[in-house]
Structure formats: C-alpha cells, structure tokens
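J.: I'll drop the sequence and a predicted model, then ask my questions.
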Amino acid sequence: MTDAIVIGAGPNGLVAANLLADQGWEVLLLEANEEVGGAVRSAEDVAEGFVHDTFSSFYPLAAVSPTIQALKLDEWGLEWSNAPAPVGNPMTDGGWAIVHNDPFETAAELERMAPGDGENWLAMYDDWRRIQRGMVGLLLDPFPPVRSGAALASHLLGRRGLERIRLLASSVRSLGDRNFHGDAAKMLLATNAQHADISPESAGSGLMGWLLVMLGQQFGYPVPRGGAGQLSLALARRFVGRGGVIRCGERVTGVEVTGGRATGVRTEGGELHPVRRAVLADVSAPALYGELLPADAVPARVKRAMRGFEWDPGTVKVDWALDGPIPWQEKPSKSPGTVHIADSVDSLSVAAAQIATGRVPDEPFLLMGQMTTADPSRSPAGTEAAWAYTHVPQRIRGDADFTGAWTADEGQRFADRMQDQVERAAPGFAGRIVARRILTPRDLEARNANLVGGAVNGGTAALHQQLVFRPIPGLGRAETPVKGLYLASASAHPGGGVHGACGSNAARAAIAHARIRRL
C-alpha cells in the first residue's frame, strides 16, 4: 500500500507527484503509455536527425508559473532556449508584426507601422508589469484565489482600475480597436487569443490575447532545449530522485471506492493498488466520472452536469522536416519561434464561425513553430524542424469536403489546405519539405487519451466553463464528491496550458485534507 497514487504522467500528474513526494509521501505514478509526458513529448519520428514535439512546444506559462519555477528543474537537466523573437505574424500587406525580446524594440517597430501604437504598447506593458504578479496568481491559484485576489483588488479601484476590469471582460477585437490604430498590434493580440477556443468577438478573448502577448513580451516563448520531452523527463527525474515510483504501460481502468472514499485503483491487467491517503487523476473529467468511478459513487447531479461538459475544438497538426529555413516572402527583422498565419482579424472571426457551425475552415488560422529557430539542437545546421496546427470542429456537419471520420485521405487533403496557407506567406515552402507527418484528431487521441477528439485544452476555455464552472458548476476546485479523490488534469481549474497549476492545486488539496484527517 502506498500513500498516494497519481493516474497519468502528463505535466500535471508529474507536478502533483513531485509535490506529494516533497511532503515525504510514498507516491506511485501510473501511466498508460510507454513513456511519461502526456502532451509534452518529443521524438525523431518525422525524419532522422529532426526532433519534433509530438504535441505542445512553447511554454510561456511555464516561464511564469510559480509551481514550475519552484521545482528548480534546471537542477534535473532542464535547459530553456529562446528564439531571436518570441512571436510574430507575417502581414498580408507586407512586413511583420513582431513581439521582440525588448519591449522598446517592439514599440519602435509598431510605431513605424502606425504612429501612436508604440507609445500605447509601452503603456499596456507598463500596466501589465504593475499587476502581473496578482494577475498570474488570480489565474493559476486554486479557486477562490484569496491571496492573489486580495493583491489584485487594490489595482482594480479608481479610473485605471475600471479600465483594467474592462480589459478582463473585453473581446480581443474591441480591445485592439480601443488601444491601437494599426493592424499589426491588433493582430498580435487577436492571433494570440486564438491559442484558446474563443472567437475574437467573445468576452474573455481580450484577456487571453493580452495575457499571452504580455507574457511573451516579458518572458519570451521558451522551449526546452532538445525537445519538449526534456521538460517531462526533468519532472520525472526529480520525482524519482525524491523516492517516487513510476510505472509506464499501466492503464488504470477503475478507481476503488469504499464508504465514499477512494481506496485504490485497478489496472487493465486486473492488479489492485490500495492507497492510504489519496488518488489524484490526471485524466479528463468525462473519463473520471464516466469511466473510472463506479456509477453508484457519482452523485446524480454530477452525472447530469457532466452531460453538458463541452470539449474545445479538435486539432490537426502537421510536422515538417525542411532542408532549409522557411522562405518567408518578406524576411522578418528577427526570426520568431512562434508564427501565426492569418490574413486579418476578420478572417479569424470567419474561421471561428465556421468551426462553431460544424464546418472545417476554408482558410484555417495556423499556429506555427520554427523549432530549430527557437532551439538549434532540433535539426542539422541549415535545416528547420517546423510544425503547424489548427482547430477543426469536434463534430463536422454540413461540410462538403470533410466528414469528420478523418481518414487518411481527409488528413492528407486538410494538411494540403494548411500547407497552402504557409505557401502563401512563404512561396517555395513546399520545395523545402524532406518529410511530413499528419496528426488528425483521431491520431492525437490515440497517442494521448486525454486529447478527446483532438481537444488539447481539456475542455473549452469559454467563460461558461471556467472558474467555478470548471469542469461543471459547483466543482471549481480539485476536490471531487469522492473523499480522497482529486481531479488533477486540464479539465480542472485553471484549464489548459503547461503551467502545472491543475496538478499543484490537486496535490495541495490532498495534503491539506490529509492534515485535517490527522487532527
């Protein structure tokens, strides 16, 4: 018997396991796949000598996360690398919108494109620096965020405070129009907002765009040197170094419940692992409540609410091994690691509307990574390991070209559509391709069961499923209706992103409840 069992060795599960081990708990970490990492993995499986991240790649939230920083993963082999510039957008009328490492350099370039925008950028960044600590705490702390909320409250008073509140509630379209004259700054905000599944007109999209742009301006968009998997391996090494045990290839099929308390887990091979204190599940909320728990252990109100759980859209990801750098039509002043490809804010709105109505976007918005630009160790000198992903509907209806079965043919045709988007911004791109890999929504889910239908954020980031509504109304914390069982995945507050907060919140809740039981 062990003190705690963590189900799933994704970043949240690994963080939770580390924090429990730091308290002297005996912890067993069970992972269904043959390696740790969840959606933070990498391999040379696209082309020899090219390291591609299978899922996520850039980690601005890890750079700002107090949880990740406190683990001191540099002592366990993790090194961060940054591109010459964090993020940029090629503009359809020429030039680039770029966030540079130096805010004054960003502002100078924006000022050249639209007088007044540079000054407004620096004003926005200065205000971000004033409230950054409280804001990050507000977003990542367990709900309700008492300490960070109190720290932030003083910044939400008076005239400037009202403007900040307005920012938090704005759509990214209105935020951009209100603060900037030119398209470049507006596109930086709007395209960063599309990292979440919120349209440019939706409340909360302004917060997402502003947050990611300001994080990029302050901390960059760092990547683990040698591949995303190095972050997971550092977490795993630290955990094992603290006495933890990891068993891969062990799929958990059920959580044992006795007298309303989690007492162990059962694996696919029929083995029962009893537990003294807690079970922490880095699995999706639907999987926990609909598959792993006995039906009689889930209250009727939770079953009803879970029927309304909403996934974020699916994802199609394409990886390329290139024999040279991407031949951008106009070379940026400094090469960004993260590139967003979209014609305009209007085109983002059209793509979001098509997804909302069950159709595959005609001109998909691409979130693209130039990985060798960000980390030269990813491929041979003079080449580029690159990728792009975009969102598609969870359920396709009324589309003449795609059924949603995501057969090999549909995957190839949609990858060609994505590649055409790149080719428009970088003529000659196709001629640089040495190898191409396509991961459809079905492929992503097959590689990681948490990515249901290709959903990468553990559920929609729209306001109706955030804070006290995540994963369902009334369960806005890691605790579940089963004592000693905690939800530690991105389905829990605060949601998607590699920040470790979901795992941290679950571990801290388990530790606090164990202390109360001893009293």
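T.: Structure received.

J.: Grab the nearest non-local neighbour of residue 195.
T.: residue 212 (6.0 Å; CB to CB, 6 or more residues apart in numbering). All C-beta spots, glycine's among them, are computed from the backbone N, C-alpha and C.

J.: and the gap between the one you found and residue 190?
T.: Distance of residue 212 to residue 190, given as CB to CB, to the nearest Å: 11 Å.

J.: Who has more neighbours out of these two?
T.: Per other CB atoms under 10 Å, whichever of residue 212 and residue 190 has more neighbours is residue 190, with 30 against 27.

J.: Is it correct that that one is in contact with residue 210?
T.: No. Taking contacts as CB atoms under 8 Å, residue 190 lies outside contact range of residue 210: 10.7 Å.

J.: which residues do these two both contact?
T.: With contacts defined as CB atoms under 8 Å, 6 or more residues apart in numbering, the residues shared by residue 190 and residue 210 are residue 172.

J.: Could you chop this protein up by domain?
T.: Using automatic domain parsing, the domain parsing of the chain gives 2-44+228-308+458-518, 80-219, 313-447.

J.: ranking those by mean pLDDT, which is last?
T.: In terms of mean pLDDT, the lowest-scoring of those is domain 80-219 (a mean of 88).

J.: Quick one: end-to-end length of that domain, please.
T.: In domain 80-219, first residue to last residue: 11 Å (CA to CA, to the nearest Å).

J.: ok, now stretch 321-334?
T.: Using CA to CA, the two ends of stretch 321-334 sit 22 Å apart.

J.: Relative to the whole chain's centre, how far out is it?
T.: Put simply, stretch 321-334 sits 26 Å off its chain's centre (CA atoms, centre = their mean, to the nearest Å).

J.: Can you mark which positions in it are buried?
T.: 321-322, 325-326, 328, 332, 334 (16 or more other CB atoms under 10 Å).

J.: what pairs with residue 30 across the strands?
T.: Per DSSP bridges, the residues bridged to residue 30 are residue 7, residue 247.

J.: quick one: residue 423 and residue 430 touch, right?
T.: Yes. At 6.0 Å, residue 423 counts as touching residue 430 under the criterion of CB under 8 Å.

J.: which other helices and strands contact the biggest helix by length in the chain?
T.: Criterion DSSP state H: the longest helix present in the chain is helix 117-140. If you count contacts as 3 or more CB pairs under 8 Å, 6 or more residues apart in numbering; DSSP states H and E, helix 117-140 packs onto helix 66-70, helix 103-113, helix 146-153, helix 158-169, helix 183-193, helix 205-219.

J.: Specify the stretch among those that is closest to residue 248.
T.: Closest of the helices and strands packed on helix 117-140 to residue 248 is helix 66-70, at 22.3 Å (criterion: CB to CB).

J.: strands paired with the helix or strand just after the closest one, and their directions?
T.: Next along the chain after helix 66-70, taking DSSP states H and E as the criterion, comes strand 80-81. Here strand 80-81 has these sheet partners by DSSP bridges: strand 223-224 (antiparallel).

J.: Verify the stated contact: residue 312 with residue 194.
T.: No. Using CB under 8 Å, residue 312 is not in contact with residue 194; the gap is 11.7 Å.

J.: residues in contact with residue 254?
T.: Contacts of residue 254 by CB under 8 Å, 6+ apart are 265-266, 292-294.

J.: Name the member of the residues you listed with the most neighbours.
T.: residue 265 (25 neighbours).

J.: can I get the contacts of residue 254 in TSV with secondary structure and distance to residue 219?
T.: Formatted as TSV, these follow (DSSP: H, G, I helix; E, B strand; the rest coil; distance: CB to CB, whole Å):
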residue	secondary structure	distance to residue 219
265	strand	37
266	strand	42
292	helix	36
293	coil	39
294	coil	44
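
J.: Could you point out which of the domains of the chain sits nearest residue 66?
T.: Within those, the stretch nearest residue 66 is domain 80-219; the backing value is 7.4 Å (CB to CB).

J.: picking that back up, between the contacts of residue 254, which sits nearest residue 369?
T.: Nearest member of those to residue 369, counting by CB to CB, is residue 292, at 33.5 Å.

J.: hang on, isn't that closest one packed against residue 253?
T.: Yes. In this structure, residue 292 is within contact of residue 253 by CB under 8 Å, at 7.3 Å.

J.: Quick check: residue 449 vs residue 506, distance?
T.: Distance from residue 449 to residue 506, by CB to CB: 18 Å.

J.: Between these two, which is the more surrounded one?
T.: Using other CB under 10 Å as the criterion, residue 449 and residue 506 rank with residue 506 on top: 33 against 16.

J.: I'd say the more buried one and residue 490 touch.
T.: No. If you go by CB under 8 Å, residue 506 and residue 490 don't touch, sitting 11.6 Å apart.

J.: shared neighbours, those two?
T.: residue 12.

J.: hmm, back to that, rebuild the domains of the chain as CSV, extending it with distance to residue 59.
T.: Compiled in CSV, the domains of the chain are given as follows (distance: least, CB to CB, whole Å):
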stretch, distance to residue 59
domain 2-44+228-308+458-518, 5
domain 80-219, 8
domain 313-447, 11
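
J.: looking at those domains, which is closest to residue 51?
T.: Comparison of those against residue 51 by CB to CB identifies domain 313-447 as nearest, at 4.6 Å.

J.: What ranges does the stretch 401-519 of the chain have for its helices?
T.: 408-425, 441-447, 501-518 (DSSP state H, counting those that start in this stretch).

J.: can you give me the offset of the shortest one from its chain's centre?
T.: If I follow you right, that is helix 441-447. Centroid displacement of helix 441-447 relative to its chain, using CA atoms, centre = their mean, is 16 Å.

J.: Would you agree residue 43 falls within a strand?
T.: Yes. According to DSSP: H, G, I helix; E, B strand; the rest coil, residue 43 belongs to a strand.

J.: So residue 375 sits against residue 81, correct?
T.: Yes. With contact defined as CB under 8 Å, residue 375 reaches residue 81; the gap is 4.0 Å.

J.: shared neighbours, those two?
T.: Contact with both residue 375 and residue 81 is made by residues 223-225, according to CB under 8 Å, 6+ apart.

J.: Distance to residue 280 for the helices and strands packed on helix 117-140 - can I get that in a markdown table?
T.: As requested, the helices and strands packed on helix 117-140 are exported to a markdown table (distance: least, CB to CB, whole Å):
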| stretch | distance to residue 280 |
| --- | --- |
| helix 66-70 | 14 |
| helix 103-113 | 39 |
| helix 146-153 | 22 |
| helix 158-169 | 31 |
| helix 183-193 | 31 |
| helix 205-219 | 27 |
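
J.: So which of residue 375 and residue 81 has more stuff around it?
T.: residue 375 (25 against 17).

J.: measure the more buried one to residue 223 for me?
T.: Distance from residue 375 to residue 223, by CB to CB: 5 Å.
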